[in-house]
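[1] Next come a sequence and a model predicted from it.
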Amino acid sequence: MADLNLQSNKTSAQPSSSAGRLIARALAGSWLSSPPPCELSDEELKTIAPLLMKSGAGALLWWRIQNTTLAHHEVAPDLQAVYRLQRLESLAHVQKIKTVVAHLNLAGIDCVLMKGWSVTRFYPEPGLRKYGDVDLCFAPHSVRAARQSLKSLGPLELYVDAHSGLGRHEKIDWADMIDRAETVDLDGVSVRVLGAEDHLRLLCLHWLRHDAWNPIGLCDIAAAFAARRSDFNWTVALGSDSKHADWMACALGLAHELLGVSLEETPVVERARRLPPWLVSEVLNRWETCLNPNYRDMALKEMSPFLGSPARFAKELRRRWHYPIRATMEVRGSFNERPRALYQLAAILLRWTEFPRQLAILTTRWLRAEKGRSVSSSNVNEELVPLDNGV
(Lines give C-alpha, C1' and ligand atoms only; values in the text may rest on other atoms or scores of the structure.)
Protein backbone atom coordinates (compact mmCIF):
# COMPACT_ATOMS: atom_id res chain seq x y z
CA MET A 1 0.00 0.00 0.00
CA ALA A 2 1.26 3.48 -0.81
CA ASP A 3 2.81 5.51 1.99
CA LEU A 4 1.47 9.00 2.49
CA ASN A 5 3.30 12.11 3.66
CA LEU A 6 0.58 14.33 5.04
CA GLN A 7 1.07 17.82 6.36
CA SER A 8 0.10 18.85 9.86
CA ASN A 9 -3.44 19.89 10.80
CA LYS A 10 -4.43 23.51 10.16
CA THR A 11 -6.76 25.14 12.63
CA SER A 12 -6.54 28.83 11.74
CA ALA A 13 -9.68 30.73 10.76
CA GLN A 14 -8.36 31.49 7.27
CA PRO A 15 -6.87 29.05 4.75
CA SER A 16 -3.12 28.80 5.27
CA SER A 17 -2.32 27.48 1.79
CA SER A 18 -3.37 28.03 -1.78
CA ALA A 19 -6.46 26.20 -2.98
CA GLY A 20 -4.25 23.89 -5.05
CA ARG A 21 -2.21 22.88 -2.00
CA LEU A 22 -5.36 22.39 0.05
CA ILE A 23 -6.81 20.13 -2.64
CA ALA A 24 -3.63 18.07 -2.66
CA ARG A 25 -3.82 17.64 1.11
CA ALA A 26 -7.52 16.81 0.99
CA LEU A 27 -7.15 14.10 -1.65
CA ALA A 28 -4.03 12.40 -0.30
CA GLY A 29 -5.00 8.78 0.29
CA SER A 30 -8.59 9.32 -0.88
CA TRP A 31 -8.39 6.21 -3.09
CA LEU A 32 -7.71 3.93 -0.09
CA SER A 33 -10.34 1.86 1.71
CA SER A 34 -9.18 3.41 4.99
CA PRO A 35 -7.88 6.90 4.11
CA PRO A 36 -5.77 8.78 6.65
CA PRO A 37 -7.42 11.47 8.80
CA CYS A 38 -8.33 14.62 6.87
CA GLU A 39 -6.43 17.52 8.39
CA LEU A 40 -8.28 20.59 7.16
CA SER A 41 -9.86 23.47 9.02
CA ASP A 42 -13.51 24.37 8.50
CA GLU A 43 -12.54 27.38 6.39
CA GLU A 44 -10.15 25.36 4.25
CA LEU A 45 -12.85 22.79 3.55
CA LYS A 46 -15.24 25.56 2.57
CA THR A 47 -12.64 26.94 0.16
CA ILE A 48 -12.02 23.75 -1.81
CA ALA A 49 -15.39 21.97 -1.67
CA PRO A 50 -16.92 23.90 -4.63
CA LEU A 51 -13.79 23.31 -6.74
CA LEU A 52 -13.75 19.58 -6.08
CA MET A 53 -17.47 19.21 -6.74
CA LYS A 54 -16.99 21.04 -10.05
CA SER A 55 -14.09 18.80 -11.00
CA GLY A 56 -15.87 15.53 -10.17
CA ALA A 57 -13.83 14.81 -7.03
CA GLY A 58 -16.47 15.87 -4.51
CA ALA A 59 -17.26 12.26 -3.56
CA LEU A 60 -13.60 11.61 -2.80
CA LEU A 61 -13.60 14.59 -0.47
CA TRP A 62 -16.66 13.19 1.30
CA TRP A 63 -14.86 9.85 1.62
CA ARG A 64 -12.03 11.64 3.45
CA ILE A 65 -14.24 13.59 5.87
CA GLN A 66 -17.23 11.28 6.48
CA ASN A 67 -15.85 9.90 9.75
CA THR A 68 -14.47 13.19 11.05
CA THR A 69 -15.93 16.28 12.66
CA LEU A 70 -15.86 17.89 9.21
CA ALA A 71 -18.81 15.67 8.29
CA HIS A 72 -20.96 18.21 10.18
CA HIS A 73 -19.65 21.18 8.20
CA GLU A 74 -22.15 23.28 6.24
CA VAL A 75 -20.79 22.00 2.90
CA ALA A 76 -20.84 18.33 3.99
CA PRO A 77 -24.45 17.64 2.88
CA ASP A 78 -23.59 18.76 -0.66
CA LEU A 79 -20.54 16.50 -0.72
CA GLN A 80 -22.56 13.57 0.58
CA ALA A 81 -25.26 14.24 -2.05
CA VAL A 82 -22.61 14.11 -4.80
CA TYR A 83 -21.35 10.82 -3.39
CA ARG A 84 -24.87 9.30 -3.33
CA LEU A 85 -25.66 10.56 -6.82
CA GLN A 86 -22.48 9.03 -8.22
CA ARG A 87 -23.33 5.69 -6.59
CA LEU A 88 -26.61 5.70 -8.51
CA GLU A 89 -24.92 6.86 -11.71
CA SER A 90 -22.42 4.03 -11.41
CA LEU A 91 -25.26 1.49 -11.63
CA ALA A 92 -26.53 3.08 -14.83
CA HIS A 93 -23.01 3.31 -16.24
CA VAL A 94 -22.36 -0.38 -15.61
CA GLN A 95 -25.54 -1.25 -17.49
CA LYS A 96 -24.37 0.85 -20.44
CA ILE A 97 -21.03 -0.95 -20.51
CA LYS A 98 -22.67 -4.36 -20.33
CA THR A 99 -25.10 -3.52 -23.15
CA VAL A 100 -22.40 -2.08 -25.43
CA VAL A 101 -19.83 -4.84 -24.85
CA ALA A 102 -22.43 -7.62 -25.20
CA HIS A 103 -23.60 -6.05 -28.46
CA LEU A 104 -20.05 -5.90 -29.83
CA ASN A 105 -19.33 -9.46 -28.68
CA LEU A 106 -22.36 -10.71 -30.61
CA ALA A 107 -21.14 -8.79 -33.66
CA GLY A 108 -17.75 -10.50 -33.35
CA ILE A 109 -15.89 -7.23 -32.78
CA ASP A 110 -13.08 -7.21 -30.23
CA CYS A 111 -12.89 -4.21 -27.93
CA VAL A 112 -10.92 -3.16 -24.88
CA LEU A 113 -12.34 -0.93 -22.16
CA MET A 114 -10.06 1.81 -20.86
CA LYS A 115 -10.32 4.53 -18.21
CA GLY A 116 -13.78 4.95 -16.67
CA TRP A 117 -14.96 1.77 -14.96
CA SER A 118 -11.65 0.02 -15.56
CA VAL A 119 -9.97 2.48 -13.16
CA THR A 120 -12.98 2.98 -10.88
CA ARG A 121 -12.73 -0.69 -9.87
CA PHE A 122 -9.51 0.21 -8.04
CA TYR A 123 -11.42 2.49 -5.67
CA PRO A 124 -13.10 1.15 -2.51
CA GLU A 125 -16.58 2.02 -3.81
CA PRO A 126 -17.96 2.66 -7.31
CA GLY A 127 -19.49 6.02 -6.40
CA LEU A 128 -16.15 7.62 -5.55
CA ARG A 129 -15.34 8.49 -9.13
CA LYS A 130 -17.51 10.42 -11.57
CA TYR A 131 -18.31 8.63 -14.82
CA GLY A 132 -18.30 10.12 -18.28
CA ASP A 133 -18.53 8.26 -21.57
CA VAL A 134 -17.56 4.66 -22.30
CA ASP A 135 -14.04 4.62 -23.77
CA LEU A 136 -13.40 1.61 -25.97
CA CYS A 137 -10.43 0.90 -28.20
CA PHE A 138 -10.53 -1.30 -31.29
CA ALA A 139 -8.09 -2.80 -33.71
CA PRO A 140 -7.33 -0.18 -36.38
CA HIS A 141 -8.79 -2.38 -39.10
CA SER A 142 -12.10 -2.89 -37.24
CA VAL A 143 -12.79 0.54 -35.75
CA ARG A 144 -14.95 1.56 -38.73
CA ALA A 145 -17.04 -1.60 -38.46
CA ALA A 146 -17.34 -1.03 -34.72
CA ARG A 147 -18.65 2.51 -35.17
CA GLN A 148 -21.12 1.29 -37.76
CA SER A 149 -22.32 -1.48 -35.46
CA LEU A 150 -22.74 0.91 -32.54
CA LYS A 151 -25.23 2.98 -34.55
CA SER A 152 -27.82 0.24 -34.05
CA LEU A 153 -27.77 0.98 -30.31
CA GLY A 154 -29.61 4.25 -30.87
CA PRO A 155 -28.97 6.99 -28.29
CA LEU A 156 -26.60 4.70 -26.39
CA GLU A 157 -24.11 5.17 -29.22
CA LEU A 158 -23.56 8.73 -28.01
CA TYR A 159 -22.04 7.43 -24.78
CA VAL A 160 -19.33 5.48 -26.57
CA ASP A 161 -15.99 7.01 -27.51
CA ALA A 162 -14.46 4.60 -30.03
CA HIS A 163 -10.67 4.77 -30.43
CA SER A 164 -8.39 3.23 -33.01
CA GLY A 165 -5.93 1.43 -30.77
CA LEU A 166 -4.97 3.74 -27.91
CA GLY A 167 -5.39 6.78 -30.11
CA ARG A 168 -3.03 8.77 -32.28
CA HIS A 169 -0.61 9.49 -29.44
CA GLU A 170 0.21 5.87 -28.52
CA LYS A 171 1.57 3.69 -31.29
CA ILE A 172 1.38 0.25 -29.66
CA ASP A 173 1.01 -2.93 -31.64
CA TRP A 174 -2.57 -4.11 -31.27
CA ALA A 175 -1.58 -7.79 -30.96
CA ASP A 176 0.85 -7.00 -28.14
CA MET A 177 -1.77 -4.93 -26.34
CA ILE A 178 -4.33 -7.72 -26.63
CA ASP A 179 -1.83 -10.25 -25.28
CA ARG A 180 -1.38 -8.08 -22.19
CA ALA A 181 -5.08 -7.29 -21.78
CA GLU A 182 -7.09 -8.82 -18.95
CA THR A 183 -10.62 -10.22 -19.02
CA VAL A 184 -12.77 -9.36 -16.01
CA ASP A 185 -16.34 -10.21 -15.09
CA LEU A 186 -18.82 -7.35 -14.96
CA ASP A 187 -22.11 -8.69 -13.62
CA GLY A 188 -21.97 -11.74 -15.85
CA VAL A 189 -20.51 -10.03 -18.92
CA SER A 190 -16.89 -10.66 -19.85
CA VAL A 191 -15.16 -7.34 -20.39
CA ARG A 192 -11.63 -6.96 -21.64
CA VAL A 193 -9.58 -4.19 -20.04
CA LEU A 194 -6.07 -2.91 -20.64
CA GLY A 195 -3.22 -4.70 -18.97
CA ALA A 196 -1.98 -3.01 -15.81
CA GLU A 197 1.19 -1.69 -17.48
CA ASP A 198 -0.56 -0.22 -20.52
CA HIS A 199 -3.31 1.21 -18.35
CA LEU A 200 -1.02 3.01 -15.91
CA ARG A 201 0.97 4.54 -18.76
CA LEU A 202 -2.24 5.64 -20.51
CA LEU A 203 -3.57 7.29 -17.34
CA CYS A 204 -0.32 9.19 -16.84
CA LEU A 205 -0.02 10.47 -20.40
CA HIS A 206 -3.72 11.23 -20.80
CA TRP A 207 -3.78 13.33 -17.62
CA LEU A 208 -0.74 15.36 -18.65
CA ARG A 209 -2.06 15.89 -22.19
CA HIS A 210 -5.11 17.54 -20.65
CA ASP A 211 -2.79 19.93 -18.79
CA ALA A 212 -3.27 18.09 -15.47
CA TRP A 213 -6.28 20.29 -14.72
CA ASN A 214 -8.36 17.66 -12.91
CA PRO A 215 -7.23 16.41 -9.47
CA ILE A 216 -9.16 13.18 -9.87
CA GLY A 217 -6.90 12.23 -12.78
CA LEU A 218 -3.92 12.14 -10.43
CA CYS A 219 -5.98 10.10 -7.95
CA ASP A 220 -6.66 7.63 -10.78
CA ILE A 221 -2.93 7.31 -11.32
CA ALA A 222 -2.35 6.78 -7.60
CA ALA A 223 -5.14 4.17 -7.40
CA ALA A 224 -3.86 2.22 -10.41
CA PHE A 225 -0.31 2.40 -9.07
CA ALA A 226 -1.40 1.12 -5.65
CA ALA A 227 -3.37 -1.75 -7.24
CA ARG A 228 -0.47 -3.12 -9.29
CA ARG A 229 0.51 -6.72 -8.61
CA SER A 230 3.93 -8.04 -7.64
CA ASP A 231 4.54 -9.17 -11.23
CA PHE A 232 4.01 -5.65 -12.62
CA ASN A 233 6.45 -5.27 -15.53
CA TRP A 234 8.07 -1.83 -15.46
CA THR A 235 9.87 -2.46 -18.76
CA VAL A 236 6.51 -2.89 -20.48
CA ALA A 237 4.94 0.01 -18.59
CA LEU A 238 7.66 2.50 -19.54
CA GLY A 239 7.65 1.19 -23.10
CA SER A 240 10.09 1.69 -25.93
CA ASP A 241 9.47 5.42 -26.36
CA SER A 242 11.94 7.18 -24.06
CA LYS A 243 9.93 10.41 -24.18
CA HIS A 244 6.76 8.66 -23.05
CA ALA A 245 8.71 6.89 -20.33
CA ASP A 246 9.98 10.21 -18.99
CA TRP A 247 6.52 11.77 -19.10
CA MET A 248 5.11 8.79 -17.22
CA ALA A 249 7.82 9.10 -14.59
CA CYS A 250 6.96 12.79 -14.18
CA ALA A 251 3.27 12.04 -13.68
CA LEU A 252 4.11 9.47 -11.02
CA GLY A 253 6.49 12.02 -9.51
CA LEU A 254 3.59 14.44 -9.21
CA ALA A 255 1.54 11.74 -7.47
CA HIS A 256 4.39 11.44 -5.00
CA GLU A 257 4.92 15.18 -4.60
CA LEU A 258 1.26 16.18 -4.27
CA LEU A 259 -0.55 13.10 -2.95
CA GLY A 260 2.21 11.44 -0.96
CA VAL A 261 2.46 8.23 -3.03
CA SER A 262 5.66 6.33 -2.24
CA LEU A 263 7.72 5.41 -5.31
CA GLU A 264 10.47 3.58 -3.46
CA GLU A 265 11.91 0.51 -5.19
CA THR A 266 10.57 1.57 -8.58
CA PRO A 267 12.59 2.59 -11.65
CA VAL A 268 11.04 6.06 -11.65
CA VAL A 269 11.99 7.11 -8.12
CA GLU A 270 15.10 9.08 -9.12
CA ARG A 271 13.33 10.95 -11.92
CA ALA A 272 10.45 11.71 -9.58
CA ARG A 273 12.87 13.50 -7.26
CA ARG A 274 14.02 15.80 -10.06
CA LEU A 275 10.76 17.40 -11.12
CA PRO A 276 11.21 21.00 -12.28
CA PRO A 277 9.59 23.37 -9.76
CA TRP A 278 7.50 25.02 -12.48
CA LEU A 279 5.75 21.69 -13.20
CA VAL A 280 4.55 21.27 -9.63
CA SER A 281 3.52 24.93 -9.45
CA GLU A 282 1.67 24.70 -12.75
CA VAL A 283 -0.40 21.72 -11.60
CA LEU A 284 -1.31 23.54 -8.40
CA ASN A 285 -2.25 26.60 -10.47
CA ARG A 286 -4.55 24.44 -12.60
CA TRP A 287 -6.21 23.18 -9.43
CA GLU A 288 -6.86 26.75 -8.29
CA THR A 289 -9.76 26.81 -10.76
CA CYS A 290 -10.17 23.17 -11.87
CA LEU A 291 -11.03 24.53 -15.32
CA ASN A 292 -10.83 22.19 -18.28
CA PRO A 293 -8.45 23.77 -20.85
CA ASN A 294 -10.62 22.40 -23.65
CA TYR A 295 -13.13 25.12 -22.75
CA ARG A 296 -10.55 27.77 -23.55
CA ASP A 297 -9.13 26.76 -26.87
CA MET A 298 -7.08 28.91 -29.22
CA ALA A 299 -9.58 28.12 -31.97
CA LEU A 300 -10.89 31.18 -33.83
CA LYS A 301 -14.50 30.23 -33.22
CA GLU A 302 -13.82 30.38 -29.49
CA MET A 303 -11.93 33.68 -29.74
CA SER A 304 -14.21 35.49 -32.20
CA PRO A 305 -16.64 36.90 -29.58
CA PHE A 306 -13.76 38.92 -28.13
CA LEU A 307 -12.49 40.43 -31.40
CA GLY A 308 -14.52 43.60 -30.86
CA SER A 309 -12.74 44.38 -27.59
CA PRO A 310 -8.93 44.49 -27.79
CA ALA A 311 -8.63 44.39 -23.98
CA ARG A 312 -10.84 41.31 -23.63
CA PHE A 313 -9.15 39.67 -26.62
CA ALA A 314 -5.72 40.16 -25.03
CA LYS A 315 -7.01 38.81 -21.72
CA GLU A 316 -8.49 35.68 -23.31
CA LEU A 317 -5.36 35.18 -25.40
CA ARG A 318 -3.25 35.18 -22.24
CA ARG A 319 -5.57 32.65 -20.63
CA ARG A 320 -5.37 30.31 -23.60
CA TRP A 321 -1.65 30.75 -24.03
CA HIS A 322 -0.89 29.55 -20.53
CA TYR A 323 -1.03 25.75 -20.95
CA PRO A 324 2.66 24.82 -20.70
CA ILE A 325 2.13 21.16 -19.76
CA ARG A 326 -0.13 20.47 -22.71
CA ALA A 327 2.15 22.44 -25.03
CA THR A 328 5.16 20.41 -23.92
CA MET A 329 3.32 17.20 -24.77
CA GLU A 330 2.09 18.46 -28.13
CA VAL A 331 5.62 19.24 -29.36
CA ARG A 332 7.21 16.18 -27.70
CA GLY A 333 9.19 18.40 -25.39
CA SER A 334 10.91 17.58 -22.12
CA PHE A 335 9.86 18.47 -18.61
CA ASN A 336 13.07 20.24 -17.71
CA GLU A 337 14.06 23.56 -16.17
CA ARG A 338 13.93 25.53 -19.43
CA PRO A 339 11.24 28.19 -20.03
CA ARG A 340 8.06 26.97 -21.73
CA ALA A 341 7.49 29.94 -24.06
CA LEU A 342 9.09 28.30 -27.11
CA TYR A 343 7.09 25.12 -26.54
CA GLN A 344 3.88 27.13 -26.24
CA LEU A 345 4.61 29.07 -29.41
CA ALA A 346 5.49 25.88 -31.28
CA ALA A 347 2.25 24.23 -30.12
CA ILE A 348 0.24 27.13 -31.55
CA LEU A 349 2.16 27.03 -34.84
CA LEU A 350 1.47 23.30 -35.13
CA ARG A 351 -2.21 24.17 -35.34
CA TRP A 352 -1.80 26.65 -38.20
CA THR A 353 -3.40 24.17 -40.64
CA GLU A 354 -6.68 24.63 -38.74
CA PHE A 355 -6.70 28.36 -39.51
CA PRO A 356 -8.09 28.28 -43.09
CA ARG A 357 -10.94 25.98 -42.15
CA GLN A 358 -11.81 28.01 -39.06
CA LEU A 359 -11.64 31.24 -41.05
CA ALA A 360 -13.94 29.80 -43.72
CA ILE A 361 -16.47 28.75 -41.06
CA LEU A 362 -16.38 32.17 -39.43
CA THR A 363 -16.73 33.94 -42.79
CA THR A 364 -19.71 31.76 -43.74
CA ARG A 365 -21.41 32.47 -40.41
CA TRP A 366 -20.77 36.20 -40.80
CA LEU A 367 -22.21 36.27 -44.31
CA ARG A 368 -25.31 34.37 -43.18
CA ALA A 369 -25.74 36.75 -40.25
CA GLU A 370 -25.36 39.77 -42.55
CA LYS A 371 -27.87 38.30 -44.99
CA GLY A 372 -30.29 37.70 -42.13
CA ARG A 373 -29.91 41.25 -40.88
CA SER A 374 -30.40 42.58 -44.40
CA VAL A 375 -33.63 40.62 -44.88
CA SER A 376 -34.86 41.68 -41.46
CA SER A 377 -34.07 45.33 -42.18
CA SER A 378 -35.89 45.14 -45.51
CA ASN A 379 -38.99 43.74 -43.84
CA VAL A 380 -38.92 46.47 -41.22
CA ASN A 381 -38.60 49.21 -43.89
CA GLU A 382 -41.60 47.83 -45.75
CA GLU A 383 -43.63 47.95 -42.57
CA LEU A 384 -42.60 51.57 -42.00
CA VAL A 385 -43.63 52.84 -45.50
CA PRO A 386 -46.34 55.49 -44.94
CA LEU A 387 -49.77 54.39 -46.09
CA ASP A 388 -51.39 56.37 -48.91
CA ASN A 389 -54.14 58.25 -47.07
CA GLY A 390 -55.35 60.21 -50.12
CA VAL A 391 -53.70 63.49 -49.13
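    Happy to help now that I have it.
[2] Thought A251 was touching C204, still the case?
    Yes. Under the criterion of Cβ atoms under 8 Å, C204 makes contact with A251 at 3.6 Å. Just so you know, the C-beta spots here come from the backbone N, C-alpha and C atoms, and that holds for glycine as well.
[3] shared neighbours of those two, which are they?
    Counting by Cβ atoms under 8 Å, 6 or more residues apart in numbering, the shared contacts of C204 and A251 are I221.
[4] And the strands in the stretch 151-300 of the chain?
    160-164, 182-186, 189-193 (DSSP state E, counting those that start in this stretch).
[5] State the distance from P293 to A346.
    Distance, P293 to A346, by Cβ to Cβ, to the nearest Å: 17 Å.
[6] typo on my end, A175
    34 Å.
[7] More neighbours: which of the two?
    Each of A175 and A346 has its neighbours counted (other Cβ atoms under 10 Å); A346 has more, 15 against 9.
[8] For the more buried one, which non-adjacent residue is spatially closest?
    Excluding the flanking residues, the one nearest A346 by Cβ to Cβ, 6 or more residues apart in numbering is V331, at 4.6 Å.
[9] try S90
    P126 (3.9 Å).
[10] Number of residues surrounding the one you found?
    Applying other Cβ under 10 Å, we find 17 residues neighbouring P126.
[11] list the contacts for it?
    So P126 contacts 86-87, 90-91, 94, 120 (Cβ under 8 Å, 6+ apart).
[12] what do you get for K98?
    Counted by Cβ under 8 Å, 6+ apart, K98 has contacts 186-189, 191.
[13] State the pLDDT value of it.
    Reading off the confidence values, K98 has pLDDT 95.
[14] Average pLDDT for the helix or strand containing S118, rounded please.
    Here S118, judged by DSSP states H and E, is contained in helix 117-120. Helix 117-120 shows an average pLDDT of 92 in the prediction.
[15] what are the pairing partners of the helix or strand that it is followed by, and which direction each?
    Remark: after helix 117-120, the chain's next helix or strand is strand 134-138, criterion DSSP H and E. Strands that pair with strand 134-138, judged by DSSP bridges, come out as strand 112-113 (antiparallel), strand 160-164 (parallel).
[16] Give me the buried positions along the helix or strand following strand 134-138.
    Following strand 134-138 in sequence order, the next helix or strand is helix 143-150 (DSSP H and E). If you call a residue buried by 16 or more other Cβ atoms under 10 Å, then helix 143-150 has these buried ones: 143, 146, 149-150.
[17] these two touch, right, I221 and R201?
    No. Using Cβ under 8 Å, I221 makes no contact with R201, being 10.1 Å away.
[18] of all the strands paired with strand 134-138, which lies closest to R229?
    For those, the distance to R229 is smallest for strand 112-113, at 18.8 Å, taking Cβ to Cβ.
[19] Need the residues that contact the closest one.
    97, 101, 134-138, 177-178, 181, 191-194.
[20] if you set the cut-off to 7 Å instead, what comes out?
    97, 136-137, 181, 191-194 (Cβ atoms under 7 Å, 6 or more residues apart in numbering).
[21] Tell me which two in the residues you listed are the farthest apart.
    The widest separation within the contacts of strand 112-113 (Cβ to Cβ) is 15.6 Å, between I97 and A181.
[22] Which one's more surrounded, the two?
    I97 (22 against 19).
[23] Test my guess that the more buried one contacts L186.
    Yes. Between I97 and L186 a contact is recorded at 6.3 Å, counting by Cβ atoms under 7 Å.
[24] quick one: buried residues of the host helix or strand of Y83?
    Using DSSP H and E, Y83 sits within helix 76-106. The neighbour-count check on helix 76-106 (16+ other Cβ under 10 Å) flags 76, 79-80, 82-83, 86, 90, 93-94, 96-97, 100-101, 103-104 as buried.
[25] okay, and for the stretch 101-250 of the chain, where does confidence drop off?
    168-169 (pLDDT under 70).
[26] Starting from A92, give me the distance back to S30.
    Distance, S30 to A92, by Cβ to Cβ: 23 Å.
[27] no, scratch that, I was asking about L158
    14 Å.
[28] ok, the buried residues of helix 143-150 vs E44, which is closest?
    Using Cβ to Cβ, L150 comes nearest to E44 of the buried residues of helix 143-150, at 45.0 Å.
[29] From one end of stretch 53-73 to the other, what's the distance?
    15 Å (Cα to Cα, to the nearest Å).
[30] Could you do stretch 102-121 as well?
    19 Å.
[31] Show me which residues of it are buried.
    103-104, 109-120.
[32] which residues are contacting stretch 198-213?
    114, 118-119, 166, 169-170, 172, 177, 180, 194, 217-218, 220-221, 224-225, 237, 239, 244, 247-248, 251-252, 283, 286, 290-293, 323, 325-326, 329.
[33] So which of those residues sit within helices?
    118-119, 177, 180, 217-218, 220-221, 224-225, 237, 244, 247-248, 251-252, 283, 286, 325-326, 329 (DSSP state H).
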